[in-house]
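K.L.:
What follows is a predicted protein model with its sequence.
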Amino acid sequence: MAAPDSPSTALRRRDLCSRGIRLAGKMRADVVDLLDTYVEQQGLDASASVAAVEGVPLAAVERWDEQTGTQRLLENLAAYRAFRALLAQMLEEQREQLGEADAGLGRALAAVLLQVSAFAYHLEELLRLESRGVPSEEEDGPPPLPRLSLFEQKLRGLGVLRELAQWAVRSARDLRQLAKPSPATGTGPGLAESP
């Protein structure tokens, strides 16, 4: 069991969690809007079935309630680092495919990429607050992406955006769990403790 937090650490954690929840909500809303635009611009069917994207951890997790706060933060960080690499690849492919013909979609992808980067940094701050080491970038991230056909790129992009929307929901849920006061101390649950 982790030692009780100091009041200032608990307050800082709650503040970071609250801001993270707002960031995740904004990111999800923007990703949902981007998904609509992406499907339309790419000529895809919104109900198209897409296989899991290699390198992206699934937001759905068994025994979510048994995870520690540290596990939640580390999984979130790994996911957002992977999304950062995948969105950068999507943006590059988008520029190659359309050039400046559809600058709106490129701007929307760039905006979401910026939000993902900011959210990853936010998660790193939470880990630092808890005196946890932040894993290096080399430990995370998707494997090198194989060269895909144009249609496969479009489907991968659809899968990335769908999973990112799910991660935004999971991240808000994880941060709400971390921000909850623990009954014994009145502070947030220690990240090493189970909720």
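P.N.:
Thanks, I have the structure now.

K.L.:
Residue 122 contacts residue 17, doesn't it?
P.N.:
No: judged on Cβ atoms under 8 Å, residue 122 makes no contact with residue 17 at a distance of 9.7 Å. Heads up, the C-betas are built off the backbone N, CA and C, glycines and all.

K.L.:
Ignoring the adjacent residues along the chain, who's closest to residue 97?
P.N.:
In this structure, residue 97 finds its nearest non-sequential neighbour in residue 150, 6.9 Å apart by Cβ to Cβ, 6 or more residues apart in numbering.

K.L.:
correction: residue 179
P.N.:
residue 17 (3.7 Å).

K.L.:
ok, then the element right after the helix or strand harbouring the one you found?
P.N.:
Element membership for residue 17, per DSSP states H and E: helix 7-42. Next along the chain after helix 7-42, taking DSSP H and E as the criterion, comes helix 69-98.

K.L.:
Compute the inter-axis angle for that following helix and helix 7-42.
P.N.:
On the basis of axes from the mean of the first three to the mean of the last three Cα atoms, to 10 degrees, helix 69-98 is oriented at 30 degrees to helix 7-42.

K.L.:
Quick check: buried residues in helix 69-98?
P.N.:
Neighbour-count burial for helix 69-98 flags 69-87, 89-91, 93-94 (criterion: 16 or more other Cβ atoms under 10 Å).

K.L.:
swap in stretch 104-117?
P.N.:
Counting neighbours by 16+ other Cβ under 10 Å, stretch 104-117 gives 105, 106, 108, 109, 110, 112, 113, 115, 116, 117 as buried.

K.L.:
Spit out the contact partners of the spatially most central residue of the chain.
P.N.:
Centroid-nearest residue in the chain, with Cα atoms, centre = their mean: residue 80, separated by 3.9 Å. Applying Cβ atoms under 8 Å, 6 or more residues apart in numbering, we find residue 80 in contact with 116, 119, 120, 123, 167.

K.L.:
In terms of pLDDT, where does it sit?
P.N.:
Looking at residue 80, its pLDDT is 96.

K.L.:
Also residue 14?
P.N.:
Per-residue pLDDT puts residue 14 at 92.

K.L.:
Equivalent analysis for the one 10 residues further on, please.
P.N.:
Per-residue confidence (pLDDT) for residue 24: 97.
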